[in-house]
Every structure is written in C-alpha cells, then in structure tokens.
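In: What follows is a predicted structure for the sequence shown.
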There are 4 protein chains.
Amino acid sequence: MILVMKEHTDKAQIENLITWLKTQGVETHLSEGKFQTILGLVGDTSKVDADLLEGLDIVESVKRIQEPFKNANRKFHPDDTVIDIGGNKIGGGNFQVIAGPCSVESEEQICTIAMEVKKAGATMLRGGAFKPRTSPYAFQGLRDEGLKLLLKAKEYSGLPIVTEIMDASHLPLFEDVDVIQVGARNMQNFELLKELGHIRKPILLKRGLANTIQELLMSAEYIMAGGNEQVILCERGIRTFETYTRNTLDISAVPIIKELSHLPIIIDPSHSTGMARMVRPMSLAAAAAGADGLIIEVHNDPQHALCDGPQSITPAAFADLMQDLNSILDVVKKK
Amino acid sequence: MILVMKEHTDKAQIENLITWLKTQGVETHLSEGKFQTILGLVGDTSKVDADLLEGLDIVESVKRIQEPFKNANRKFHPDDTVIDIGGNKIGGGNFQVIAGPCSVESEEQICTIAMEVKKAGATMLRGGAFKPRTSPYAFQGLRDEGLKLLLKAKEYSGLPIVTEIMDASHLPLFEDVDVIQVGARNMQNFELLKELGHIRKPILLKRGLANTIQELLMSAEYIMAGGNEQVILCERGIRTFETYTRNTLDISAVPIIKELSHLPIIIDPSHSTGMARMVRPMSLAAAAAGADGLIIEVHNDPQHALCDGPQSITPAAFADLMQDLNSILDVVKKK
Amino acid sequence: MILVMKEHTDKAQIENLITWLKTQGVETHLSEGKFQTILGLVGDTSKVDADLLEGLDIVESVKRIQEPFKNANRKFHPDDTVIDIGGNKIGGGNFQVIAGPCSVESEEQICTIAMEVKKAGATMLRGGAFKPRTSPYAFQGLRDEGLKLLLKAKEYSGLPIVTEIMDASHLPLFEDVDVIQVGARNMQNFELLKELGHIRKPILLKRGLANTIQELLMSAEYIMAGGNEQVILCERGIRTFETYTRNTLDISAVPIIKELSHLPIIIDPSHSTGMARMVRPMSLAAAAAGADGLIIEVHNDPQHALCDGPQSITPAAFADLMQDLNSILDVVKKK
Amino acid sequence: MILVMKEHTDKAQIENLITWLKTQGVETHLSEGKFQTILGLVGDTSKVDADLLEGLDIVESVKRIQEPFKNANRKFHPDDTVIDIGGNKIGGGNFQVIAGPCSVESEEQICTIAMEVKKAGATMLRGGAFKPRTSPYAFQGLRDEGLKLLLKAKEYSGLPIVTEIMDASHLPLFEDVDVIQVGARNMQNFELLKELGHIRKPILLKRGLANTIQELLMSAEYIMAGGNEQVILCERGIRTFETYTRNTLDISAVPIIKELSHLPIIIDPSHSTGMARMVRPMSLAAAAAGADGLIIEVHNDPQHALCDGPQSITPAAFADLMQDLNSILDVVKKK
C-alpha cells in the first residue's frame, strides 16, 4: 500500500502515523521527493483499512498494491483448491457439471430430471426451493417442501444436491444439502456470509450483478475468515447497458480469477443470458476459457416451468451439449 | 401486457391460453394481423408473471405496458404519501434533512453530533450501528451496543433516529428505532423485505448499486404487499464505468419516481459520491430537482471517523449548507 | 411496430395517422380495447422513424417488434455472408485469424512479424498506421508512412492486410489495403460510414465501447445502405464497471449476432482485455462460441512496442495458441 | 507517476530506465523496500506515455498521481476560463442558456423559435443542420441548407449560433458559426479534434456516452494542444444499465470538472433524459450544482419535430423555466 501525502504536511504528523502503523504490525518506508512525499507500507497490508487511512487529513490518496484478501489469494496459497462433493472433485483440473430445473415443482419432476441429467453426464443436481424473485407476486418456490423433494431426488438418483439459501435462519433446513448456494443478490449479505463461515460445507458463491471480481473474492474471504475454506465461485453475468441478453456473461473473469485465487470457478450460462439457445455456445466457451465447471438449468418441459422458463434447455439438448463439452475439455486438458 | 404470438400458432392453443388467463382474472383482446397475431391483456396485469408467459412455446415475446407494481404505483394512489416521523412530515411538499455520523462510536460522539445537526436544522439523526463492509477485516460497527448509544442520543436530543438493519433476526433490537434503513446491498434481500412488511414502522429503502428504478419500486412493493405502507425511497448512486466518483448519483431518478410513485424520495449525497466536497453541490441539486429530503453524513471530527471518513462533512459545513438549501427549497416551494 | 395510443384519443386523429402511414407504405391494424387502443403496423417497418412516432401527442409508447435494420438482417438474407479476401474466405463456416503488431514501426519489424504469424497459421496481417490515442501526447502512428510499410509487408509475405482508417479524407491512401478497419471510437462516425458504403472493399467494423449489438448492426446498415455489402463485424469488449480488465469481452454477442445477422463476426481478444495473458483463453472461448475469426496483436518484442505493449503476445505464444485453436475449431466444425 | 518494479529486477536495468527518463525531462526517486521497489517520477509527467512504461518487462504496474492533461488542468491555470461569444460571457460566474430546436427545418421555424427563446432569456441559439442518427433511414438534417437558415436566424434575431459539425471536411461551411459543437459520438474523433485545434473559435465539446470525465478532459486537451483554448465542456448523460431514461445525467460531473479544470461546463438536460418533462427539474438541478450554462431543446411545435420530438419543450414551458432558473442562480451567486 502506498500513501501519497498531502503537500506541506508537518513532519511530526507523518512520524505519528508511522508509529501508529507500527502498532498495527505494518512497516513503512518514507520517500521524500521534491514534489511528493510517499509512504510505502510493507508487510501484510491485506487487513489494513484503506478507507480509514484515506480519511486522514495528511493523506492525499491511497493506492493498494497488494490485494485486500488473503485466504482466497493465490499468492498465499499457490496450489488450486480441490473440493470433494460426494466423491466428485472440482478444481485442480477437475471439471463438474451441475444440472437441474430452476425450481423444484414436484417429486416426479425433480426425480425424472435428476435421472435424465445423470444419464447425460451431470454429476450434481441443482434445483431451487427458495426462489428470489423481483416481484412479490411471482412464484417464490416451494421452500421447505421443495427442500424435502430435492432430498428425495438425491436419494433416488444418488446425485449430490446444490440449492440456494436466502436467509441464515433457514440453515437448519440445509443440513443434508451437499452444496449451499448464495445467490447473486445475496453476495454482499454479510450477515449470511458470516454464518456460512461457521459451517463446514461447500458454498457456491455467485457473483453479484454489479460486483467486481475483487468484491466477489472479498465475499469469499468473509466465508473463509470464519474457517470454511470450501468456496466455489460462480460467474453468472453482470449488468451492463446491453439489453439483448438479460446480463452480460463475463467469461474473462475465469482466467482472471484463476490468476488471483486458488478457488474453483464455474459458469452459469443459463441465468446470465436468460435464453435457452445461448446455453450451448456459452457452455463451450466457458470450458475453453478454463472454467472448472458449469451450472445449467435443464427442464423436462421448458414450456411449463413455473419460473425462468426461457432459459432452460431440454434433457435432449443437454445430452447433446455434454458430448461437445467433453471434446473441448480434452483440448484444455480437464477431466 | 401484450403477447406477440409466434407465427403459425395453432388457434386452439391460443384459445386455451385465453381461457386460462380468464381464470387469472385477466381479459384478453385478440388482434390477428397478416404478419403478426397479438394478444392484448386488459385489466390489472400487475400481478401477472411475465416470465411464465414468455416461457410458453406459442409466445414470441411479452411487452409490458402497465407497471408490475401496484401498491407503490401513483396510478392507483394519485396523492403523495406523507409519512409522519415523530411529528416531522416527509412527502407531499414536506422536506426533511436526516444527518449524523457514518458510524456510532461513543455516547459523547453521537450526542454531540446530534445536538450540532439539530441546531443547524436537521430533524432526524442517522448513525450506523450495524455496518455492511466489503472487507471482513474492516470495522463492522458497534452493533447492539451502537443501537443503545443511538437511543441515548435520541433521548438526549429529541431527534427521531434512522439506522440500518442487516438481518431480519435483529428486528427485536430495533423496537425503539423510528425509521429502519435497508441498505443498498440488501435492497433485494427479499426475506428481509417480507419481514419488514409485517411491522408498522417507516422503512428507508435505499436503491441498490445496480438496480433499476423499477426494481426499487418492486422492492418497495414487497414491503407494502405485507401491509406496511410507510416506505421512503432513497437514491444513493448507481454503479457505472466512471471511476472518479465512487458511484454516479442519478438525480433524474427523483422526478421519475415522483411520476411513477406516490412514495417520498430522498437523496444520499454522501455515499453516492464518496467525497465530502461533493455533498454541498449534490444536496442543492437534489433539492432543486424536487427531492423530499436528504440523508447526510456529518462528523464532528472527520479525520478520525472509523469508517467512510472521506465522505463526511463537519457540522460547520453542514450548517452553512442548510442556509442555501432553504433558499433552494423556497424556489421549488417545499418546506 | 406497435403504437400504444394515449387514453381518450380522438378517433379522427387516429384516422389521420393511419392515412399518413399508408402513404409511407405501411399497413395498420387497429385494436380498440376497453383500457387501451393499440395500432399495429404491418409490413416492412425497418425504415419507419420510431422517434418521430413517439413524438406524436396521441401516442403513449412505441414498441418495435421488427428490427430496424434490413440489409444486415438474417430474416431477409437467411444464408451466411461469405467474404473472400485474397482467397481467404470468412463466414459460412470459414474461420480466419488476422494477426500483427499494434503499430507499424519499421519495415524490418512489420516484415518479420508478417512472416512469423504466417508461418504459425495467420492468413491476414494487421498493423496500425493511423492510431487513435486518448492523449494528444501519445504516439499517433506513422500514418501514411506506416501504410507504405504495411504494403511492403503485404508484398513480402503475400498476406492481405487489415488496417484502420480514422477519417474519410484519408481514403485515397487505402487503395491497396485489403480490409479497412473502422475502430470502436468511430463506430458511429456516420459521415465516415457513408463514405465506406460507396467503396467496394471489405470493412472490418468494430463495436463501440458503449454500443449495443443493435447499434453495431445499424452502423453496418449505414455501410450496406450505400451498396457495400462486405462488412465483417468485430466484438472487442464493452465498457462496464469492472476495472480489472480494460473492457469486458462480450462473447455472448457472437451467437446473438449469428442469429440476428448473416454477416461474419470475429473477436479481438487483445484490446478487449488489455492483457497479453488473456489472449489465449479468450481466443479459445471465442472459437468455441462460434466466432468466424480472431484479430490478435502479436509483437516480436512486446517490451518495446510503442503502444499497447501489455496486450501483445509473442510469435511463439501465438504459434502455440494456433494449435489448440485448431482443435477447438474441429469440435465446432469450422475450418 | 509511480512505477512499481517487478520483484528481483536487475539493478542495471533500473539504472537504464532512470537514465532514459532523464532524457525525457523526468526526474526519478528510487525507493527500495524489502518487498517492493518503487520508482517515483517527479516533474511534469502529463506527457509521459504510461502505456509504454507499463509494457516494460521490469515494471509491474504504473500508478498515475498527476493528471495526464495540462492545458485543461486547473493546477496549471487556477483562474476560470471565461469565453466571450458575441458579448455573452460564459464561465467565471457567468451563466448562459443556449436554446433552440433539435433540427433546423425551415426559415420560418428557426426564426420564430429564435425570437421566442430570446424573449424568454436565452442568449444563444442552437439548431441542428448536420444530424448524427443511429439509423441510415432516419432524417439526417438539412445539412448545408440548414446552416444557411441558421445564419439567417442569427441575422434576424441577433443571437450567436451553436451547431454541430460531423466531419472536418465541412469546416469551411462553419465560418460564420459562433460556437462549433462536437457531438457525443465524435468526442474521440481525434482527427476532427486536431482540426478544431487549429481554428480560433469556441468549441462546445460534449461528453461521450461511455466516456469518463478524464477522457473528456483529454479530448479538450487535443483541441487546446493545437492552440485553441476556447473549449466549453458539456455533460449530456452517460450510458448505464437504467433504461427508464435514455441516458443517466451525471450532474456530479459539474463540481468535479470545476475542480479538475478551469474550462466552463454546461449541461444538456434534453438529450440526457430524452423526455421533455425532465428538462425543468434537471435544469434547476444543474444550476444548483454549479454549472455554467444549459443547452436546451425548444420547439414551437413539439408534435411535428422531425427528430427527437419527445425531448423538446415548448417556448411557454421554456419561459416558465427561465424564471425559476434565475432564482436558483441567485442562490448560487451566478449571473
């Protein structure tokens, strides 16, 4: 971290600051130029509050050189994190496909889809029980009832399950869920993140619609700071001025996150574009870019889905996609 | 709502849809053109799930004509909502200024500031007890302890208090709080919004960084659908490509919200720009544009604020601003 | 196009509008509902000025159903356009790689790179002679001198050349250039587009940083309306709130443009991210998503490039990339 | 400018860089920390090419401290620039209102509006002769014929005229125009900016839809570097995810530009929102925020405007606005 000091700053004040920083475990290096005085902070500055320093009246600006996250940082953890979910490994060269319907609707629906996606090669089942909807009048999911149906489908198909949590108070219901998903709108629900730091279960953390890659990693840091190191990141499209797609899928986030962090990163091609016909090209692109997995909406009857119908593909289309996906994974040497 | 039907759609299928819509309380009007068949939905379509219709295989696209919110909609409630907070009215030509520090730090701090902002003309006191911070290592607020100090300042100064809630489970702590604030990052924390719909206390709902005006009104609708009609909206800057300011304050949201809704709308000039020196021009601009109030960060010692220091102004600067603000309010006929 | 009429509109006024639309070659279909009167425009509305209609005092809103472009529209031209550049076909299943330095610097430099990229599999040479730079103090390119060197490299290597034009008055200098590039900042320089419509040479049209896919197609329409049908579109990143990459590469634009238009669409992985190490993953992703080609910056000595150094890869890295690229192209059945 | 050097960089290479920088007139200050070696550049670095330095293999990152513009920079020119246009001063506490129709349509139209806006208090007349339109099929303006009519209105009303140029080759036609406008889409048409640097006439430079404040100032720098110091900046809305307004008017750009630059800055409330009913609140807000002027679309018959009808107000509404505007100007002490 570099502090650019204001012109004509009193030397004594700078000395006070240096002393205070020392008490915070941070060493400093002062460079007094003719035009500018610069204070370099050395050591581990990932936990230094830059806002606080920027508020000091002797500081003109603060420039971070080191990233403000540590547990999620590849610099401090060079090897890829590999997370094992019921025997399916993700990260470190292992690619997994999570598939299933937007919403759990009935036992028959979820069990049928589970078997179909399993047959096509999916290794985990997704399904929404608690559904975040923009409108209070839209279908909100079957909630606890939906969770029960999902657990039945897990038993029936043998697939581990992934489903979204919307409030920390629901945690007891998620005991048998294999991966707990934090949706885009809750990426900065810090009270929820803190709670998820105290459990020992993989968390699928989706990037918020208007959140930077660094903020995504800071939210992962919230979970990891609590002791839960099993975080799977997920890019699912960001909000831009383009209106043709629902959101703009930021595939470049994949290689960047791989560089900055050791955590696995997967792509959601369904929610990002909001169009079933974009799932295939975006899935192949994600695999080619180096993603560690995909989470895809598949519906046995896309015409009657209770929510997000336009973005779900059929099991047949999913099976077809899996074939080309495997060819792409060969090229980029993933399994 | 207009449904553009796909070409060559079977008549019987359209008839089925029309029948089903009737059961939902929606009348239809079919217009068969040479090139396009269009189904117009008439009546109250604010509760119709557009996603569901878009998922049908006979529908090419759905175009909303009516807004998808009702309780918050000016069309159904032409008069301005006026909310009374301890005798201070907001909305319907009444302008209020909420002021106070970013974080509550100590009894002395919060009581001193309360008296200073009151003297300068503020009618409500703000102060953060629960603080949403991007980093898990940054100061998270004094939490319940902070709430107690805020209540002491309320007693001491006589000012009603406004403070942020971060999780529905904290609600019992907010019993004596006058206005509960929902922060930008929680604007779509739907479980929290639902809980706030069940209480009878004014809610200050901040627009999310990447949320549209319509989504803000849909979140207000969540609260109002639960029976709590006292919602104050707050524009606090949106995320854009511009990096000079922290966010881009969307002042045009004020007249637009006034047109679409009867709810009061205020501006936060402190968080939006992130710079103390922008508070004054943005406050005057907000008043000139027709806002119903302001929420301003004021700190007796901006250099030592524990968070968000750069955006707080001094009590002296605040008092100075209040004078010009009153002159602007005269021009736009607010009191 | 659908016109939603204002409530209580005089019938005679609507009749006048219908009559006027008929003179514009547009048929109408009136649908009078209890709550809403809707006027559907049928026939070719791609040339109807929606702004003009929206300005009429009897019209509440205008909703386009048909796209406002025609020559570039796949609906009117279902087969892929295939453009032949010195024997290299692009579009319709044909994939081409354009490579070369950001700026032409010397005869030796451009000729050396030309031979290196040719050897690795590039089929066209790019190189900047006229350089758009944000700062008037930055290197502006060798201009006409650069064009001459590029033509020498064309002669020497046998590769067709692609280079950017910045002003219509420079057109005479581009007579022997094979593909004329319009940069992102000039995508809506309509006077330039009109001039390029009058020549008979392929145009590489880059998407502007803040332009929608539809606006890109409208700019292609400007060129095609002049009679020049050889337009190659290029996605090169859009401006978003994310600051880690220079721009956000919108790979989903590829399948969308393929759906909307018959024109070839290529990707620029170098300018979009601004980082050499992102070129490889983004190139593979683009190919997997169905792009018709790539335009890649390659520099024999990235450390001494006069501009845009950080985004250029070495010829060795380029050759390496070409191998995996070919494997991906096999999967998506491109040649 | 601060260069963060890569770890383990050879000392000799750093010495070479220091020597080379000296030849560019830049002094350096080396600070070798235990973890990081930093090279501070002192002196005037506004003309140093940061991209070039970032491309060097010994440099990890470059952080600018000084702005990359000089002629437009308030640091080098503390007093406000005041521009005199036919006796009307703008900047330095002087506020001017430019008004007129989107497009010049006929002699009668432009002369009538000129007299009406003059009577209401406008001091300059705007009117489009060359019109940039997204669609090649939309009305493109009367072009040279329009310019002639505008000059007639100037003679008739005595008002100086402001009109847009779209290509440097049209410059001879603009000899009697008082202020030449560069539209948002041409803000980075650098060839045009260079030409405008060689004339001696005020330039009204509009901010591009996706351009930062710094890029706007860099484009002003292009004009000023050519010797033309009379640049008036104009904020006219930026492109964001919000779709309710055409663009998002960034009013905070006003105080920021005032801080960074000595050039006058005005606001265009008409194009930014695209709605006539937003002109009044946004004009008052702009004045309250400290703008030096406004450019407003006024049309004697908004229903029949050939373009951009929805955003033009009537002369009566304009006259009404001028009254409240003057009251606001009194508060902020402008004349």
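Out: Here it is on my side, so go on. Residues are numbered from 1 along each chain as shown, chains lettered A, B, ... in the order given.
In: Around chain D, pick out the residues from the stretch 151-300 of chain A.
Out: A:Ala210, A:Arg239, A:Thr240, A:Phe241, A:Thr243 (C-beta under 8 Å from any C-beta of the partner chain). No exception for glycine: its C-beta is placed from N, CA and C like everyone else's.
In: Relative to A:Glu242, how far out is the first one?
Out: In other words, A:Ala210. 14 Å (C-beta to C-beta, to the nearest Å).
In: How about the contacts made by A:Val179?
Out: A:Ile85, A:Ile98, A:Met124, A:Pro160, A:Ile161, A:Val162, A:Thr163, A:Lys201, A:Pro202, A:Ile203, A:Leu204, A:Ile232 (C-beta atoms under 8 Å, 6 or more residues apart in numbering or on different chains).
In: 6 Å instead?
Out: A:Ile85, A:Val162, A:Pro202, A:Leu204 (C-beta atoms under 6 Å, 6 or more residues apart in numbering or on different chains).
In: burial count for the third one?
Out: Which is A:Pro202. Neighbour count of A:Pro202, defined by other C-beta atoms under 10 Å in any protein chain shown: 23.
In: What of the first one?
Out: Each residue near A:Ile85 was counted by other C-beta under 10 Å, and the total is 22.
In: What backbone torsions are found at it?
Out: phi -120, psi 100 (degrees, to the nearest 10).
In: Look up how far chain C lies from the closest residue to it other than its chain neighbours.
Out: Nearest residue to A:Ile85 in three dimensions, chain neighbours excluded: A:Pro160, at 5.0 Å (C-beta to C-beta, 6 or more residues apart in numbering or on different chains). Using C-beta to the nearest C-beta, to the nearest Å, we find A:Pro160 at a distance of 27 Å from chain C.
In: so what's A:Pro160 up against?
Out: Contacts of A:Pro160 (C-beta under 6 Å, 6+ apart): A:Ile85, A:Gly86, A:Met124, A:Asp178.
In: which of the residues you listed has the weakest pLDDT?
Out: Within the contacts of A:Pro160, pLDDT reaches its minimum at A:Gly86, with 94.
In: By residue count, tell me the biggest helix in chain A.
Out: helix A:315-331 (DSSP state H).
In: Now it: buried residues?
Out: For helix A:315-331, burial by neighbour count (16 or more other C-beta atoms under 10 Å in any protein chain shown) applies to A:Pro315, A:Ala317, A:Phe318, A:Ala319, A:Leu321, A:Met322, A:Asp324, A:Leu325, A:Ser327, A:Ile328, A:Leu329, A:Val331.
In: Please name the nearest non-neighbouring residue to the fourth one.
Out: When the adjacent residues along the chain are set aside, A:Ala319 lies closest to A:Ala120, with 3.8 Å between them (C-beta to C-beta, 6+ apart).
In: neighbours of that neighbour, just the number please.
Out: A:Ala120, neighbours per other C-beta under 10 Å, totals 19.
In: For it, give its distance to chain D.
Out: 35 Å.
In: C-alpha coordinates for stretch A:25-40, CSV please?
Out: The C-alpha coordinates for stretch A:25-40 follow below in CSV (Å, rounded to 0.1, in the frame of the first residue of the first chain):
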residue,chain,number,x,y,z
GLY,A,25,2.2,-4.6,12.5
VAL,A,26,3.0,-2.7,9.4
GLU,A,27,6.4,-1.4,8.5
THR,A,28,6.8,1.8,6.5
HIS,A,29,9.3,3.2,4.0
LEU,A,30,9.3,7.0,3.6
SER,A,31,10.4,8.6,0.3
GLU,A,32,10.5,12.4,0.3
GLY,A,33,10.6,13.7,-3.2
LYS,A,34,10.9,17.4,-4.2
PHE,A,35,7.2,17.4,-5.3
GLN,A,36,5.7,14.5,-3.5
THR,A,37,6.2,12.6,-0.2
ILE,A,38,5.3,8.9,-0.4
LEU,A,39,4.9,6.5,2.4
GLY,A,40,5.2,2.8,1.4
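In: the strands in chain A, which residues?
Out: For chain A, the strands defined by DSSP state E occupy A:2-5, A:27-32, A:37-42, A:59-63, A:83-85, A:88-90, A:96-100, A:124-126, A:161-165, A:179-182, A:203-206, A:231-235, A:265-267, A:293-297.
In: now for those strands, which one comes closest to C:Gly25?
Out: Proximity to C:Gly25 (C-beta to C-beta) singles out strand A:293-297 among the strands of chain A, at 43.2 Å.
In: Could you see whether chain B lies near that closest one?
Out: No. Between strand A:293-297 and chain B, judged by C-beta under 6 Å from any C-beta of the partner chain, nothing touches; the nearest distance is 11.5 Å.
In: And that strand, how far out from the chain middle?
Out: Distance of strand A:293-297 from the chain centroid (C-alpha atoms, centre = their mean, to the nearest Å) equals 13 Å.
In: ditto for stretch A:266-281
Out: 16 Å.
In: ok, residues contacting the longest helix of chain A?
Out: A:95, A:116, A:120-121, A:280, A:283-284, A:287-288, A:298, C:288, C:324, C:327-328, C:331.
In: Dig out what the nearest residue to A:Thr123 once chain neighbours are set aside forms beta bridges with.
Out: Leaving aside its sequence neighbours, A:Thr123 sits nearest to A:Asn88 (C-beta to C-beta, 6+ apart; 4.5 Å). In this entry, A:Asn88 is beta-bridged to A:Ile85, by DSSP bridges.
In: you'd agree A:Asn88 is up against A:Gln96?
Out: Yes. With contact defined as C-beta atoms under 6 Å, A:Asn88 and A:Gln96 form a contacting pair (5.4 Å).
In: Give me the common contacts of these two.
Out: By C-beta under 6 Å, 6+ apart, the residues touching both A:Asn88 and A:Gln96 are A:Thr123.
In: in the sheet, who's paired with the residue lying closest to A:Glu164 once chain neighbours are set aside?
Out: Excluding the flanking residues, the one nearest A:Glu164 by C-beta to C-beta, 6+ apart is A:Gln181, at 4.2 Å. Beta-bridge partners recorded for A:Gln181 (DSSP bridges): A:Glu164, A:Leu204.
In: burial of A:Gln181, as a residue count?
Out: 24.
In: Isn't A:Leu41 up against A:Val26?
Out: Yes. Contact criterion C-beta under 6 Å: A:Leu41 and A:Val26 qualify, at 5.1 Å.
In: Which one's more surrounded, these two?
Out: It is A:Leu41, of A:Leu41 and A:Val26, that has more neighbours when counted by other C-beta under 10 Å, with 25 against 17.
In: Show the contacting residues for the residue lying closest to the more buried one once chain neighbours are set aside.
Out: Nearest residue to A:Leu41 in three dimensions, chain neighbours excluded: A:Met1, at 4.2 Å (C-beta to C-beta, 6+ apart). Applying C-beta under 6 Å, 6+ apart, we find A:Met1 in contact with A:Leu41, A:Thr45, A:Arg64.
In: Can you lay out those as a markdown table showing pLDDT and distance to A:Leu30?
Out: Shown next, in a markdown table, are the contacts of A:Met1 (pLDDT from 0 to 100; distance: C-beta to C-beta, whole Å):
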| residue | pLDDT | distance to A:Leu30 |
| --- | --- | --- |
| A:Leu41 | 81 | 11 |
| A:Thr45 | 76 | 16 |
| A:Arg64 | 75 | 18 |
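In: Let me have those residues in CSV, extended by distance to D:Glu107.
Out: Shown next, in CSV, are the contacts of A:Met1 (distance: C-beta to C-beta, whole Å):
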residue, distance to D:Glu107
A:Leu41, 68
A:Thr45, 68
A:Arg64, 61
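In: elements contacting the helix or strand of chain A with the lowest mean pLDDT?
Out: None of the helices or strands of chain A scores lower by mean pLDDT, DSSP states H and E than helix A:50-54, at a mean of 76. The contact analysis (3 or more C-beta pairs under 6 Å, 6 or more residues apart in numbering or on different chains; DSSP states H and E) places helix A:50-54 against strand A:59-63.
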